[in-house]
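>>> From the sequence below, what's the structure:
(one chain, ligands or ions: 1)
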Amino acid sequence: MSSPPPPLPNLPSALHASHAGIWLADGRGSETVTLARGEALARASGSPLLMVNAPLLGSRLGYADLSGLDLLELFAFLFPAQFVIPTVAGLARALDIAPPESDAQCAALLPRLAATMLEWTQRPDWAEREGAWTSLTQLERLRWSWAPLLRGRITTPATAERWLFSRLQQWEEQPPRPQPSPVSLKDAEVFARLGTLTGAGAETRDGQRDFAGAAANSFAPRLGKDMPNMVLAQAGTGIGKTLGYLAPATLWAEQSGGTVWISTYTKALQRQLDRETRRHYPNDEAFRKHVVIRKGRENYLCLLNLEDALQGGFAGRAAVFAQFVARWAAYSRDGDMVGGDMPGWLPALFRRAGATALTDRRGECIYAGCPHFRTCFIERATRMSQGADIVIANHALVMINAARGREVQGAPTRIIFDEGHHLFDAADSTFAAALTGREAIELRRWVIGPETERKGRRRGLAARLSDVASYDDEGADAIEDAREAARALPGDEWLRRVQEHEPAGSLERILATVRETVYAQAERAGGEADPGYGLELDLAIADGPLIEAATQAARALEALLAPLQKLGKRLVAVIELAPDWLDSAARARIDGAISALGWRTDLLMNWIALLLRVGNAPDPRFVDWLTVDRAEGREYDIGLHRHWLDPTKPLADVVLRPAHGVLVTSATLRSGGDTETAMQRSGVHHLEGNSRWFEVMSPFDYARQSEVLIVTDIKRGDMAALAGAYARLIETAGGGTLGLFTAIRRLRTVQARIADRLARAGLPLYAQHVDPFDPSTLIDMFRDDPRASLLGTDALRDGIDVPGESLRLVVMEGVPWSKPSVLGAARRAASGSPTAYEDRLVRARLAQAFGRLIRRSDDQGQFVILSAAMPSRLLDAFPADVPISRVTLEEAIARVRSRLGSAAKMRQGAVETLDESGIVTPE
Ligand code: SF4
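Predicted coordinates:
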């Protein structure tokens, strides 16, 4: 006979706070009182209180270190790798409990939520039971606040639990895949596949069908070497382009035996693709085999780093976090810590302590020398992608892999760049060089290892290649020479020494000289400008001391480059000589080291070229400049930068030309310019052969569904008026507003002025750069509550996909002109028409922002620009049929009110909805 479940413990009081007030409920949730801030902090500093989302609560109470019995931690422990919105309502919905109707009801609900979760431990269907006992034992030792309440409810398992590292599934080595066979897709097959993807009974949409047919052209056999089939397709929002290209892509992958890489710019689209590709694969197993999501390796958990953290490498809250990560890793689909199935709020609960140290950020992977190599998430994703039909990646990864010659086996031959309007910017940052203090200290650590004697596995070259060094004298000498030369790179505390004019070594010296030069020029130009922002200076303005420092720094880097190049050659020689000890594991590790050395020597060569440019004639292909990076008045990096004037040149050379077919698509590919400009910004003009342009309009009725209101009576620089306008517009709309800013400081000022007022009206306001969460978590919180509003900057302008009621109003603080920059000025000048160039950029930003508003055929929304200075010539950024009016704030508010009423009526009468997949859904 099984023993009865242990009684629930008495729960402590529960605290909830919003901008509207602070509430404390007793541990049964039967009585709630309101508190003043001081009282709440005093109560919270005593015995731990129940709460949801301590960092958010802490920011509402103005006490960032607030802690207690956070229900989100309990959720993460009980249900690792499961999604929940990190609010009281989100948690309630996840537990199938009616959410609170107001802030005042939240505190009283917390004891019930806590009790439900504690009782869950007694359920026979608790899917994540395995590992909980082991994990709790460790967490108890670390004094995790929930441990005493769980102890007794999670009993010792009958059989010993497998620990994480033996639970994880090993990946299988994939046999080399033959080259894809040349196939020609037939239109009828493509349309039939599209029909299967959209589903039986779905209405066929001509635009989507035409788009699928156009996309199929990129899968035709290419005409010859270096002549990829390029298709550029502008597909208006709502035509369902994702399924439109998945039709030919899945068909081609099956018929040819090859892999199609689909590259996105935002995580929102990656998530959408993850959902939509499932339509083609009948079950989880088939889906996992044929569809792989790939990200940069810095996104994934490194098991060796985790093991190190679990074995004493981390202390305090970071050690607790490591236990949560271990629990999550056992249930994670792919070990992706950033945007995968790890909740975005989990690292934030621990104030990000230790999160980055658990990934492989610094290229210290020891590959086959690692005891977890066969279960490594990164290695698994790499191998899975070699056999997959569809690899979902991002622009940066596709470009970096191509540039560094990775994925030799599976070098993409068919690529779809969705969100193709970002191709230029992605190429711009991928093919750039930056010799900064932060970059250079990473290289030093990679060569020498950590400077302090602290626990951890981070090791330098000598430790990573000790077997090579003991076998090959020349290799050993090269490692020693490299270690010696790397001492010229910046070390720990470099920024302090540079700021105090006491640089150590020639690289710190050049950084100190850069800093002095930049400040001196800023002084001459009339002060330091806004200390909240970084400073830039064109490298053309280089004087004597900078030239001297750059020459010495270049010499120091050359002294490092030579032994690293020599070491690379010795490693190749060791592989060729194949000594007895070189088993497959050692060979894989040395292969890994050769590739890591390769890109570091490339990096060094780029840095040396940049330094040698100081004081010499500029290379017209590049734009070079100096920076002092600052945020909120504090310097955090200093350096020299080089960007391509036209980054589509390396994009074409490295990524496009070797491919056989490339589709570049976006809803705003041409926006802001003509077709010719769109083709140029995709790199097509650097290629021989044919490229096709295709265009299909959005099926949405923008004239009926939306309007643009330009508010003419908010004076530029009047922060009180700006904040007041935001508050009144959000109040009128009843929330559901996305507020877009071009400056973080103005965003913060507006947030600080209006958050309390809105909260008192029951309208939550979330803000990027204020609330301690990443944009994806904030978007989830915003999407989940139709009364919530969200303020943000660039990342939200086109990284947000919120169909339906949650987003009904977009308010831009002004015209999104570019910030002045050396690079921007150079590109404007090179364009031959600086005004037209800038106008094109602004039009593109407006079109992207407007694109957030209408995501489905039943969406209704208004786009408000709070600037009388909005030039009429830029209004063609919006769809042609959208009504645009210049109005006073009062009129704008009246229009918002009136549209809200008609939208509600329209929704009542709606019979069908066309969503972003282009699929008609009956309501
Ligand atoms: S193989 Fe590399 S990335 Fe993977 S767990 Fe080991 S050290 Fe970490």
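
>>> Quick check: closest non-adjacent residue to M605.
L561 (6.8 Å; Cβ to Cβ, 6 or more residues apart in numbering). In this view, the C-beta of every residue, glycine as well, is placed from N, C-alpha and C.

>>> Let me fix that, I meant to ask about L567.
L567's closest residue in space is A478 (Cβ to Cβ, 6+ apart), at 3.9 Å.

>>> by contact count, what packs against the helix or strand that neighbour falls within?
Assigning secondary structure by DSSP states H and E places A478 in helix 473-485. Applying 3 or more Cβ pairs under 8 Å, 6 or more residues apart in numbering; DSSP states H and E, one finds that helix 473-485 contacts helix 437-448, helix 461-464, helix 466-471, helix 544-577.

>>> Tell me which of those helices lies nearest to Q208.
helix 437-448 (44.6 Å; Cβ to Cβ).

>>> and that closest one with helix 473-485, angle?
150 degrees (axes from the mean of the first three to the mean of the last three Cα atoms, to 10 degrees).

>>> ok, back up a step: avg pLDDT for the helix holding A478?
Throughout helix 473-485, pLDDT has a mean value of 92.

>>> outside of whichever helix or strand comes after it, which residues touch it?
Downstream of helix 473-485, the first helix or strand assigned by DSSP H and E is helix 494-499. The contact list for helix 494-499 (Cβ atoms under 8 Å, 6 or more residues apart in numbering) reads 437, 441, 503-504, 508, 511-512, 515, 635-638.

>>> Distance from helix 494-499 to the middle of the chain?
30 Å (Cα atoms, centre = their mean, to the nearest Å).

>>> Tell me the buried residues in it?
494-495, 497-498 (16 or more other Cβ atoms under 10 Å).

>>> which parts of the chain sit against the ligand?
302-304, 360, 365-367, 370, 372-373, 376, 378-379 (Cβ under 6 Å from any ligand atom).

>>> what about the residue nearest to M605, how many residues close to it?
For L561, the neighbour count with other Cβ atoms under 10 Å is 19.

>>> Tell me where the model's unsure across the stretch 351-500 of the chain.
362-363, 405-410, 451-458 (pLDDT under 70).

>>> 50 - rerun?
In the predicted model of the stretch 351-500 of the chain, residues 453, 455-456 satisfy pLDDT under 50.

>>> Then the chain?
For the chain, the ranges with pLDDT under 50 are 1, 453, 455-456, 907, 909-916, 918-923.

>>> what's the closest non-adjacent residue to the one residue sitting closest to the centre of it?
With distances taken as Cα atoms, centre = their mean, the residue of the chain nearest its centroid is K267 (6.0 Å). Counting by Cβ to Cβ, 6+ apart, K267 lies nearest to G339, which is 4.5 Å off, once chain neighbours are set aside.

>>> Work out for me the element the one you found sits within.
Short version, using DSSP H and E: G339 is in no helix or strand.

>>> what sits against it?
So G339 contacts 267, 270-271, 295, 299, 776 (Cβ under 8 Å, 6+ apart).

>>> and it, how far is that from S698?
28 Å (Cβ to Cβ, to the nearest Å).

>>> Which residue ranges of the stretch 51-200 of the chain form strands?
69-70 (DSSP state E, counting those that start in this stretch).

>>> Next: the stretch 751-900 of the chain.
765-767, 789-792, 809-812, 861-865, 884-887.

>>> Adjacent strands (with direction) for the shortest one?
In other words, strand 765-767. Paired neighbours of strand 765-767 in the sheet (DSSP bridges): strand 789-792 (parallel).

>>> Contacts for the strand it pairs with next, please.
730, 735-741, 747, 750-751, 758, 763-770, 775, 778-779, 781-782, 796.
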